[in-house]
Every structure is written in structure tokens, then in C-alpha cells.
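S.K.: sharing a model that was predicted from the sequence below.
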Amino acid sequence: MVSTRSGRSTKHTYAERVLRAYSQAQREHRRQSVHLATLRAHVRRIADERKDKLGPKWRTWVGKAVRKLEEQGVLQPVDSSGYIRMTDEGKKA
């Protein structure tokens, strides 16, 4: 998960975007678990604030990044309703 620099702006990976959106959503809503749609909305809002372009299939890439972070043990699904939360290992990293 390394951000690359292209031209003037720094391009963050979708996993980095998801983690940033998770922490922002958690601070705003004061909950341990966050819904996937909320994560997508925060990713979009952060990109708009930074004037960053996401791409045509950014929603798919956000979902793939969430699944990748689940496989790495950083995030875990709470139940089948679409909520996820950070694991203890993810909080340490």
C-alpha cells in the first residue's frame, strides 16, 4: 500500500482511501462498526475535497480493497448486513 506520485498530486491506493474513510466515519458517527455504503460516501467526499479523480469503477475498487483488508486481517465483517469493523491487529498497525 504505497502511494505513488504522478505529476503534482499524490495518488493513494484504494486500501489507503478505505482506511482513511473508515477512521473519518468512525470519528463522525462515534461507532465501532461502519457500513460499506458509508465508506463509499466518505471515499467520494474525501476525493472531492482533495479534487482527486477516482475513476469510472471506483465503487468496485473500494469493495475489492475492503475484501483485501479483510483477508489481511485489518477489517472484519460484523454480520451479513454490510457492516465492518477494525480488528485488534488492524488497530495496532
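M.R.: That came in fine, so what should we check first?
S.K.: which residues of this protein fall in helices?
M.R.: For the chain, applying DSSP state H gives helices covering 14-29, 36-49, 58-72, 88-92.
S.K.: want to throw those helices into JSON lines with mean neighbour count?
M.R.: Using the backbone N, CA and C atoms, a C-beta is placed for each residue, glycine as well. Shown next, in JSON lines, are those (neighbours: other CB atoms under 10 Å):
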{"stretch": "helix 14-29", "mean neighbour count": "18"}
{"stretch": "helix 36-49", "mean neighbour count": "16"}
{"stretch": "helix 58-72", "mean neighbour count": "16"}
{"stretch": "helix 88-92", "mean neighbour count": "10"}
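S.K.: for Gly82, find the nearest of those helices.
M.R.: helix 36-49 (4.7 Å; CB to CB).
S.K.: the closest one: how far from the chain's middle?
M.R.: Offset of helix 36-49 from its chain centre (CA atoms, centre = their mean, to the nearest Å): 8 Å.
S.K.: that's all I had, so thanks and see you.
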